[in-house]
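Chemist: just the structure for this:
(2 chains)
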Amino acid sequence: MTLWLRKNWIPVALLAAGLVLPNLVEHYGNFILASILVYSLVSLSLTILIGFAGQISIGHAGFWALGAYGSALVVTELGAPFLVGVLVGGIVAALFGAVVALPALRVQGHYLAIATLGFALFVQQVLFEWESLTGGRQGLFVPRPEIFGYELTDDYAYVYLMLVIVVLLTWMTENFRRSHTGRALMALKMSTVAAEVAGINRARHIIIAFMLSAFYTGISGALYAHLIGFLSTETFTFTTSLSFLTMAVIGGLGSYVGALLGAIYLTMAPEVFREFKDAQMVVYGLTLILCMQFLPGGLASLPERLRSLRRRRT
Amino acid sequence: MLECVDLTARYGGIQALAGVNLTVAAGEVVCLLGANGAGKSTLLGAITSSAPARIGGVIRFQGQEITGWSTEAIVRAGIALVPEGRQLFPELTVEENLRMGAYLRRDRDAIAHDLESMFELFPRLRERRGQIAATLSGGEQQMVAIGRALMSRPKLLLLDEPSLGLAPLLVREIMSLIRTINAKGTTVLLVEQNAHQALQVSDRGYVIEKGRIVGAGSAAQLLSDPQIVNAYLGGATT
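Modeler: Just a heads-up that it's a prediction; the model follows:
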């Protein structure tokens, strides 16, 4: 038991913090916590796509939007329960994920990045123009989350619901990583030629990675929609996609703690950087450059990095 | 066992293979000789469906047409490729690399048994089974690459320039290993620039030039053909 605890103290501590924190903060604090959980799902989705599969996307705002609008519309127009809406949001995003995977089968790197960017711009534009469905420039009101007939009127309860979802999806991710498919993805990332001649079907695995990543981001978008209560296409811009990527890089790709740290960074940075007003984006950019230069493993690698620095000094 | 009929391959406007006819019978070691860019690797890529080229013609394996099959299906059918430049998984250990070769297999016990026989075939790898592949010497890496391909239990083994970048002594060692592997029942198609060494271990050979087969015959015939000797064996050999 103690050995188990020593090995797993980080997730245990994080879970404990997640359970206790909502009680210690005010209303706005719970909104911040909910935002962190929303972003951590996007972070997790990029961990799968970039960290495991070695693919890139600067179009994740597109999947996020599909999840958000998908869930909002299913709940408002069809009267579906909130949790069904969230699931639909994820599934809609996943289906588009399969489509976005198609260019990834032919092009890589910069070209793939541009293709994903094109996808996100396309989604945003269509949502904006489709006024009868999405409200266009007027935006769309989204009801509060509701489970089994109880409306979660404040963010306090919503945070706990999200916590369950995040823990569940993190657990799923870890299982995926250890699965046959997860390992095949990592093999493809290490050496595509070697993996293919070992009989790993590249096309199928890349499509799975994109679909799974899009699914997580769709779920996140859906949770976000019901948290904010109002959707406008201005939320889902190129800048949003970029800040997702920034979050993943700063947190540290390929580790769950990194995914969470990235989400905390993305949520807290506007609060902290607000002082800089118009120079905010400059500060963001600078942080990203400094991080890539001095901390390529992201915030998650900070303890390791400090340890190695201290060792060098002695 | 393997039959290529009028095989063509083009990358955009470049014709890499211009109607290649080649057969490999069960139990043989056949080598394909040629200079850089002659189309050797493309031919192996076409057979395994791993070259990004447009393929024409017919490829038959054990009487079944496999043209256009996925690489996965071809590996399943019993063809394994040792790619040019070895292409190991650099961050994995020797044992993990070997196990990756058995990716499509689900018979755990037989895989463990085959892993053991790889260590018998390449005793040097046994000592290094836990070592990261990127830290191996060139010869050891080549052994891992061959072992990995064998882990899929192929009926036909395709080797793409296994001698590349190896010291002469190691080249000879790899070549004699090819004979050993063949003696255990695996048919081999060997692509080489090192014509002399390749012909030493082969039953028959083909010579490819600019995407066309320009010569074929038994190893002994090719070794005594003055044109071949001049073009690929560095003039008169002693």
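Chemist: off-centre distance for the helix or strand harbouring A:Leu105?
Modeler: Secondary structure from DSSP states H and E places A:Leu105 in helix A:82-106. Between the centre of helix A:82-106 and the centre of its chain there are 13 Å (CA atoms, centre = their mean, to the nearest Å).
Chemist: please see if that helix touches chain B.
Modeler: No: using CB under 8 Å from any CB of the partner chain, helix A:82-106 never reaches chain B; the gap is at least 9.3 Å. Where C-beta positions appear, they are placed from N, C-alpha and C, glycine not excepted.
Chemist: what's around residue 35, how many residues?
Modeler: Just going to use chain A. A:Ser35: 23 surrounding residues under other CB atoms under 10 Å in any protein chain shown.
Chemist: if you could check chain B rather than the one you did, that'd help
Modeler: Per other CB under 10 Å, the neighbour tally for B:Ala35 reads 15.
Chemist: point me to the residue of chain A nearest chain B.
Modeler: A:Gly199 (3.7 Å; CB to the nearest CB).
Chemist: least confident secondary structure element in chain B?
Modeler: None of the helices or strands of chain B scores lower by mean pLDDT, DSSP states H and E than helix B:226-232, at a mean of 76.
Chemist: give the burial count for the closest residue to A:Val107 other than its chain neighbours, as a bare number.
Modeler: Take A:Val107 and drop its neighbours on the chain: the residue closest to it by CB to CB, 6 or more residues apart in numbering or on different chains is A:Ala115, 6.6 Å away. Neighbourhood size, A:Ala115 [other CB under 10 Å]: 19.
Chemist: A:Ala115 and A:Val100 touch, don't they?
Modeler: Yes: at 7.3 Å, A:Ala115 and A:Val100 qualify as touching, with contact defined as CB atoms under 8 Å.
Chemist: overlap in contacts, the two.
Modeler: A:Gly59 (CB atoms under 8 Å, 6 or more residues apart in numbering or on different chains).
Chemist: up against chain A, what does chain B have?
Modeler: For chain B, the residues in contact with chain A (CB under 8 Å from any CB) are B:48, B:50, B:70-72, B:75-76, B:80-81, B:83, B:87-92, B:100-101, B:103-104, B:148-149, B:152.
Chemist: whichever of those end up buried, select them in ChimeraX.
Modeler: The ChimeraX selection below is limited to those of the residues of chain B next to chain A classed as buried (16 or more other CB atoms under 10 Å in any protein chain shown):
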select /B:48,50,70,71,72,75,80,81,83,87,88,89,90,92,100,101,103,148,149,152
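Chemist: which members of the residues of chain B next to chain A occur in strands, if any?
Modeler: Members of the residues of chain B next to chain A lying in strands (criterion: DSSP state E): B:80-81.
Chemist: okay, and which of the residues of chain B next to chain A map to helices?
Modeler: B:71-72, B:75-76, B:100, B:148-149 (DSSP state H).
Chemist: how about those in CSV, adding pLDDT?
Modeler: As requested, those are exported to CSV (pLDDT from 0 to 100):
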residue, pLDDT
B:Thr71, 92
B:Glu72, 92
B:Val75, 94
B:Arg76, 93
B:Met100, 92
B:Arg148, 95
B:Ala149, 95
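Chemist: from the residues you listed, which is closest to chain A?
Modeler: Closest to chain A out of these is B:Val75 (3.7 Å), distances taken as CB to the nearest CB.
Chemist: so that closest one makes contact with A:Ala195?
Modeler: No: taking CB under 8 Å as the definition, B:Val75 is not a contact partner of A:Ala195, at 11.1 Å.
Chemist: still on that earlier bit, now do the buried residues in the least confident helix or strand of chain B.
Modeler: Going by neighbour count (16+ other CB under 10 Å), the buried part of helix B:226-232 is B:228-229, B:231-232.
Chemist: same question for stretch B:177-185.
Modeler: Neighbour counts over stretch B:177-185 (16+ other CB under 10 Å) mark B:177-178, B:181-182 as buried.
Chemist: got these as a markdown table, with secondary structure columns?
Modeler: Shown next, in a markdown table, are the buried residues of stretch B:177-185 (DSSP: H, G, I helix; E, B strand; the rest coil):
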| residue | secondary structure |
| --- | --- |
| B:Leu177 | helix |
| B:Ile178 | helix |
| B:Ile181 | helix |
| B:Asn182 | helix |
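Chemist: three-state assignment of the spatially most central residue of chain B?
Modeler: Centroid check for chain B by CA atoms, centre = their mean gives B:Leu159 as the closest residue, at 1.2 Å. Here B:Leu159 is recorded as strand under three-state DSSP.
Chemist: who's in contact with it?
Modeler: Contact analysis of B:Leu159 by CB under 8 Å, 6+ apart lists B:82, B:146, B:178, B:188-191.
Chemist: which ones among those residues are found in strands?
Modeler: Using DSSP E, the contacts of B:Leu159 in strands are B:82, B:188-191.
Chemist: buried subset of these, written for PyMOL?
Modeler: To isolate the buried members of the ones in strands among the contacts of B:Leu159 in PyMOL, using 16+ other CB under 10 Å:
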select buried, chain B and resi 82+188+189+190+191
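Chemist: can I get the ones in strands among the contacts of B:Leu159 in TSV including pLDDT?
Modeler: Shown next, in TSV, are the ones in strands among the contacts of B:Leu159 (pLDDT from 0 to 100):
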residue	pLDDT
B:Val82	94
B:Val188	95
B:Leu189	95
B:Leu190	94
B:Val191	94
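Chemist: with that, I have no additional questions.
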